[in-house]
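Colleague: Structural data only, the sequence is not supplied:
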């Protein structure tokens, strides 16, 4: 493309230079010729006054020698005989034109230019006082006719070559400016097709290529976002299998001893291992992009969802001798989170309680409405998390403690965090009043980050009804994860 543009520019410039230079060169040549013969005509006219007065040879020779062509031997005067008795023709200077040309000019009375050896001759007729016609001949050498033409042509050629070289240089620069962005765009498209999703194109160059670069970068961002959302969905859906797996593991533990019981427990363990593998594979090398948790207008009643999920988990808690406490779910509170997403977040937290705390460990769920936000607290009386900061990092497992058991993918808390952050909120981990871990989920109601009001607004220390004895929730037959 670059060389094609240079060739086109070279051809166009050369055509323009030729179209102007050739006619201009011819005009210069013609102007030099006209200048030379105009000068010769002017010199010939200086003899006219003398011829009108006298035809004496001596006087005419003197007049001829006073002129520049006459002094150089390039002027001749041809005076015919007057027709009187004893008169003869007078010839002054060297004649170069033929007798025929002289007679033709004398008869026509008009000046004429004739080709002679070494140049041209101007034949200028002049009327004599006696009534005859004399002819003044001025020789113009060929070098005077073309005087300055070669220099002018060389200057025209130099200007033309300079224009062509300059146009080629400009075309080359323009070609580079156009070709490089196009090559970068093509290379980036190839890289993106080969799976290098971080490839982007600098938005520079001509307007059209800048627009193409902007469109390409936008497309690449959308591709990365779509892939990230797919991987997030695969990981999250796989993580939701932990809820029924937890139930299955707990039920298998109560089967007692025997080959069938051992096979069942081994199968559950293998299934848990496969789920962990799917989660880790889905999270491998994915872009850290945040996808939406619900479409426009998506939302649910947080109290209803919590009551529904606690109906399920309280049955398992009763089997393990866990005390369950629930508060703040006696009124409808709408939040901008899709129902399946909130259910998945709750199941992730409650599943962690059952997975990483001993049987008989109490836990509580509390909902607090603060006007611009809803705070959901999940607390337990276990051993706590040794490194809360690491537990909140995606892929972290808590770094030890009761929640840092081997086999944890760390995706549960990340699901919870993304649910909160999609509304402008966040997730914090601290020490609960029950003595174990407290996970606080801040869910914004207006899409803005909830305003903290200092350390005095620590909901974990001011919960209503959590410190008292909570009733165990009844078990509903057939209840299960509502995913």
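Modeller: Now that the structure is in, tell me what you want to look at. None of these values were measured; they are calculated from a predicted model. Numbering: from 1, shown residues only.

Colleague: Can you report how many residues lie near residue 116?
Modeller: Residues near residue 116, counting by other C-beta atoms under 10 Å, number 16. Every residue, glycine included, has its C-beta placed from N, CA and C.

Colleague: number of nearby residues for the nearest residue to it once chain neighbours are set aside?
Modeller: Leaving aside its sequence neighbours, residue 116 sits nearest to residue 96 (C-beta to C-beta, 6 or more residues apart in numbering; 4.4 Å). By other C-beta under 10 Å, 18 other residues sit near residue 96.

Colleague: give me phi/psi at residue 96?
Modeller: When quoted as degrees, to the nearest 10, the phi and psi of residue 96 stand at phi -120, psi -30.

Colleague: Any idea how far stretch 43-60 is from the middle of the chain?
Modeller: Here stretch 43-60 is found 86 Å from its chain centre; the criterion is C-alpha atoms, centre = their mean, to the nearest Å.

Colleague: Just the buried residues of that stretch, please?
Modeller: By neighbour count with 16 or more other C-beta atoms under 10 Å, stretch 43-60 contains the buried residues 43-44, 46-48, 50-51, 55, 60.

Colleague: Let's see which of these end up in helices.
Modeller: Here DSSP state H is the test, and those give 43-44, 48, 50-51, 60 as lying in helices.

Colleague: Tell me the one of these nearest residue 387?
Modeller: Nearest to residue 387 among these is residue 43, at 113.3 Å by C-beta to C-beta.

Colleague: wouldn't the closest one be in contact with residue 64 here?
Modeller: No. Counting by C-beta atoms under 8 Å, residue 43 does not reach residue 64; the two are 10.0 Å apart.

Colleague: what residues are shared contacts of these two?
Modeller: By C-beta atoms under 8 Å, 6 or more residues apart in numbering, residue 43 and residue 64 have these common neighbours: 70, 75.

Colleague: Give me the number of neighbouring residues for residue 12.
Modeller: As a measure of burial, residue 12 has 12 neighbours, counting by other C-beta under 10 Å.

Colleague: ignore the last one, residue 332
Modeller: Around residue 332 sit 9 other residues, with neighbours defined as other C-beta under 10 Å.

Colleague: Where does it sit, in terms of helix or strand?
Modeller: If you go by DSSP states H and E, residue 332 is not part of any helix or strand.

Colleague: would residue 198 count as being in a strand?
Modeller: No. Assigned with DSSP: H, G, I helix; E, B strand; the rest coil, residue 198 falls outside any strand and is coil.

Colleague: Neighbours of it, how many?
Modeller: 9.

Colleague: Could you tell me the model confidence score at it?
Modeller: Listed pLDDT for residue 198 reads 79.

Colleague: Kindly provide the distance from it to residue 146.
Modeller: Plainly put, residue 198 is 71 Å away from residue 146 if you go by C-beta to C-beta, to the nearest Å.

Colleague: What about the residue most central in space within the chain? Give its phi and psi, please.
Modeller: Centrality entry for the chain: nearest residue to the mean C-alpha point is residue 203, 2.4 Å, by C-alpha atoms, centre = their mean. Per-residue torsions, residue 203: phi -90, psi 80 (degrees, to the nearest 10).

Colleague: Residue 41 reaches residue 121, doesn't it?
Modeller: No. The pair residue 41 / residue 121 is not scored as a contact, 12.0 Å apart, by C-beta under 8 Å.

Colleague: Now for the two: what residues contact both?
Modeller: Shared contacts of residue 41 and residue 121, counting by C-beta under 8 Å, 6+ apart, come down to residue 138.

Colleague: more crowded one of those two?
Modeller: residue 121 (24 against 16).

Colleague: Give the closest residue to that one in space, chain neighbours not counted.
Modeller: Among residues not flanking residue 121 along the chain, residue 97 sits closest, at 4.7 Å (C-beta to C-beta, 6+ apart).

Colleague: So that neighbour is in contact with residue 124, correct?
Modeller: No. The pair residue 97 / residue 124 is not scored as a contact, 11.3 Å apart, by C-beta under 8 Å.

Colleague: Between the two, which contacts overlap?
Modeller: Joint contacts of residue 97 and residue 124 (C-beta under 8 Å, 6+ apart) are residue 137.

Colleague: For residue 358, state which of the buried residues of stretch 43-60 is nearest.
Modeller: If you rank these by distance to residue 358 using C-beta to C-beta, residue 43 comes first, at 130.9 Å.

Colleague: where does the closest residue to residue 199 other than its chain neighbours fall, phi/psi-wise?
Modeller: The shortest distance from residue 199 to any non-neighbouring residue, by C-beta to C-beta, 6+ apart, is to residue 191 (4.2 Å). With angles defined as degrees, to the nearest 10, residue 191 sits at phi -60, psi -40.

Colleague: Report how many residues lie close to residue 191.
Modeller: Other residues close to residue 191 by other C-beta under 10 Å number 16.

Colleague: Likewise for residue 209?
Modeller: Residue 209 has 20 neighbouring residues, counting by other C-beta under 10 Å.

Colleague: Same check on residue 153?
Modeller: Residues lying near residue 153 (other C-beta under 10 Å) number 16.

Colleague: Just the element for it, please.
Modeller: Assigned by DSSP H and E, residue 153 falls within helix 149-193.

Colleague: next structured bit after that helix?
Modeller: Downstream of helix 149-193, the first helix or strand assigned by DSSP H and E is helix 207-240.

Colleague: I'd like the distance between residue 54 and residue 129.
Modeller: According to C-beta to C-beta, residue 54 and residue 129 sit 8 Å apart.

Colleague: try residue 41
Modeller: Per C-beta to C-beta, residue 41 is found 22 Å from residue 129.

Colleague: And for residue 195?
Modeller: For residue 195, the distance to residue 129 equals 109 Å [C-beta to C-beta].

Colleague: Look at those two and report which has more neighbours.
Modeller: Set residue 195 next to residue 129 and count neighbours by other C-beta under 10 Å: residue 129 wins out with 11 against 7.

Colleague: What values do phi and psi take at the more buried one?
Modeller: phi -60, psi -30.

Colleague: doesn't residue 53 make contact with it?
Modeller: Yes. Counting by C-beta under 8 Å, residue 53 is a contact partner of residue 129 at 6.7 Å.

Colleague: ok, so of the ones in helices among the buried residues of stretch 43-60, who is nearest residue 368?
Modeller: For these, the closest approach to residue 368 (C-beta to C-beta) belongs to residue 43, at 118.8 Å.

Colleague: contacting residues for that closest one?
Modeller: By C-beta under 8 Å, 6+ apart, the contact set of residue 43 is 67-70, 75, 138.

Colleague: out of those, who has the most neighbours?
Modeller: Within the contacts of residue 43, neighbour counts (other C-beta under 10 Å) peak at residue 138, which reaches 28 neighbours.

Colleague: Report all helices and strands that the host helix or strand of it contacts.
Modeller: Element membership for residue 138 (DSSP H and E) is strand 133-141. Packing partners of strand 133-141 (3 or more C-beta pairs under 8 Å, 6 or more residues apart in numbering; DSSP states H and E): helix 2-45, helix 48-53, strand 75-79, helix 99-108, strand 119-127.

Colleague: Try it again at 10 Å.
Modeller: Here strand 133-141 touches helix 2-45, helix 48-53, helix 68-71, strand 75-79, strand 90-92, helix 99-108, strand 112-116, strand 119-127, going by 3 or more C-beta pairs under 10 Å, 6 or more residues apart in numbering; DSSP states H and E.
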